[in-house]
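K.L.:
can't give you the sequence, but here's the structure:
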C-alpha cells in the first residue's frame, strides 16, 4: 500500500504535526514501507473471526456512581502553559 | 400520499417539495459522577472544579466506567422500546479542539449499547405517528470554551468534560418542522419520566443536531445538511423551516446542495456553513484500547425493566380507560410528568372529567398568564379538587366557580373559605329564585310576547335572572321555573 504526498499532508494536519515540504517525500516513502510491512497480516484468513478486544477474556469492570474525585483545580491547571481564574487559557479559537 | 402528508409539503416554484428530517439528540445522563471518572457532574461549579486527572487527560490515567450511567442508558433504551445490546464496544473518535483534552472522544461507533426502537409522537389534531429510533450510544461530553473573557485568549472549563451523554439517533422519518418538534418534546417527556436526563435545554443537558434534506414526493432522498447543536424546541422548528426553504430555492435556481455541517444563528434566524470544520469529519474511529467491551446480562436488563415507571403512552391509555378522557385531553395531561401527577391528584378526589377540563382549561390558562410552572402553582391539586366538588354538590355554580378560582389563584386560599367570606353560595331556595324570575317577567312584557314565537329567547331570561342574583341562582332551577312560567319547553 502506498501513501502519496497529499495523504501525508492530510494526516499531519489531522495529527497537528508540522511537516515541512522537504519532509513530505521521505515520510511518504517511510509510511508506505511501514504499511507494506503490516500488510503481510492480510495473508492470514480472518473470515468469521471476531476482533479480539483483549488478551484476557474479561468484561469491562464497573464502578459505583459516587463522587470520589475533583476539587483539584490547582493541580489540573498546574502544567498548563496558560491559566487564568481557574480556566485553561489557550490562543483564541472562535468560529 | 395521505391528506395529512400532502398538507406538510412546501410549495416551490417548480411544484411541491417534501422535507425529510432526522435528528441526533444529545442527552446528558443524570448521574452523580462522570462516565469514566469519579468527578462530580454538578452544573454551575467553579471552573475546572469538577475535574479529575482522568478528565484532564493526564498521561497514564485510565477510564473506569460508571455502572449507573450504563443502567441509565439501558433504562432509556427500554423506554424507547428498543433493542438492548448485551455487548457493546467503546471507540475513540479523534479530533482536535481545546475543550477536548484527550484529543479524542470516547464514544460507541459500530456496536452501540442500544439498537432500533420507536417513539410515538402526538401531532396537532390528535394525529399520531411513529418515529423510528436507529440507535442510542454512550459517549463523553466535551468541555466548554469561553471566547469573550479575554481579548486574545479563549478560556477552557473542563467541568463538563467526561460527563456521560446518550446520543439518540432517529431514522429520517419526520416530514415537517412540527413533527421534529413533537419528537423532541416527546423524547424529553420520556427521558424525564424515566429520570435518565433532566431534559433541560437551556442548560445544554439536551441538544439536537438536525439533518435536513428536500425532495420531490416519491423521489429518493436528497443531499442532507446537518445543523449542529440546536438548543431549544423553538429553534429546531425555525432552523428546519429556514434550511428547507434555502435548499429548495438553491435547487430551483439550478444549484446543488452540498453535504455539510451548518450552524443556526439565533440572531438572524438563518443557517450558515461551518467551513472551518471541513477536515474535522475524518474521525479515524478505532476501538479504545483502554476499555474492554461492555458486557452485561439479560437478567440485569430484566431487573431494570421491572423498575421502569409508567411511561407517557401507557399513562395516556390508562387515562382514557380509567377516567374516560378524550384522547386529546389525555395526551395533554401526560405530556409532562408533573402535569400528569397533578391531574391524578385532582381526579382522585373529584370527578375525573371535570378535573381534566379544569386542569387543561382555567388552571393552565392562569399558569400561562402568570408565567408560572405547575411546580410553583399557588393552587394545589387538593384545593382544585375541593373547588370541583363545590360545583358538583351544588354549593356554587360553574360560573361562580371561575370567579372563586381566580381568587384562589391570587390568594392561595381554600375555595370553601372564599365562598363563605364572599357569600358566593348558590341560591337553591326556590322561593328566592322564583321572586327574581317573577320580577324579570314583570319588567319585560314585550320579551314575554316574543319568547312565545321564539322559544330560544328563554336564554335571555336566564341571563337576566342570573344577573339579578349575581350569578348565585342555581341555573337549572332558573331554567325550570322560567320554562314553566313562560309556557315554553326548557329544552331550548
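P.N.:
Thanks, I have the structure now. Since the model is a prediction, treat every value here as computed from it, not as a measurement. Numbering: from 1, shown residues only, chains lettered A, B, ... in the order given.

K.L.:
Please count neighbours and contacts with C-alpha atoms only from this point.
P.N.:
Noted.

K.L.:
in stretch B:480-488, what counts as buried?
P.N.:
With burial defined by 16 or more other CA atoms under 10 Å in any protein chain shown, the residues of stretch B:480-488 counted as buried are B:481, B:482, B:483, B:486, B:488.

K.L.:
Just put these in CSV and tack on secondary structure.
P.N.:
What follows is the buried residues of stretch B:480-488, written out as CSV (DSSP: H, G, I helix; E, B strand; the rest coil):
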residue, secondary structure
B:481, helix
B:482, helix
B:483, helix
B:486, helix
B:488, coil
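
K.L.:
possible to save these as CSV with pLDDT and distance to residue B:299?
P.N.:
Formatted as CSV, these follow (pLDDT from 0 to 100; distance: CA to CA, whole Å):
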residue, pLDDT, distance to residue B:299
B:481, 84, 70
B:482, 85, 71
B:483, 84, 70
B:486, 82, 75
B:488, 76, 72
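
K.L.:
possible to save these as JSON lines with distance to chain A?
P.N.:
As requested, those are exported to JSON lines (distance: CA to the nearest CA, whole Å):
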{"residue": "B:481", "distance to chain A": "71"}
{"residue": "B:482", "distance to chain A": "71"}
{"residue": "B:483", "distance to chain A": "72"}
{"residue": "B:486", "distance to chain A": "77"}
{"residue": "B:488", "distance to chain A": "75"}
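
K.L.:
pretty sure residue B:180 is touching residue B:21, no?
P.N.:
Yes - Residue B:180 is in contact with residue B:21 according to CA atoms under 8 Å; the separation is 7.2 Å.

K.L.:
any residues in contact with both of these two?
P.N.:
Residues within reach of residue B:180 and of residue B:21 at once, by CA atoms under 8 Å, 6 or more residues apart in numbering or on different chains, are residue B:174.

K.L.:
Relative to residue B:315, how far out is residue B:341?
P.N.:
10 Å (CA to CA, to the nearest Å).

K.L.:
Who has more neighbours out of those two?
P.N.:
Taking neighbours as other CA atoms under 10 Å in any protein chain shown, residue B:341 and residue B:315 compare with residue B:315 leading, 19 against 14.

K.L.:
ok, now which ones touch that one?
P.N.:
residue B:334.

K.L.:
Can you verify it is assigned to a helix?
P.N.:
Yes - counting by three-state DSSP, residue B:315 is located in a helix.

K.L.:
Tell me the bridge partners for residue B:19.
P.N.:
Per DSSP bridges, the residues bridged to residue B:19 are residue B:214.

K.L.:
quick one on the thing from earlier: show me which pair in the buried residues of stretch B:480-488 is furthest apart.
P.N.:
The largest separation in these, counting by CA to CA, is between B:481 and B:488 at 10.4 Å.

K.L.:
Spell out which residues of the stretch 1-150 of chain B are next to chain A.
P.N.:
B:31-33, B:37-40, B:46-53, B:56, B:64-69, B:95-96, B:98, B:147 (CA under 8 Å from any CA of the partner chain).

K.L.:
Which members of these are positioned in strands?
P.N.:
B:65, B:66 (DSSP state E).
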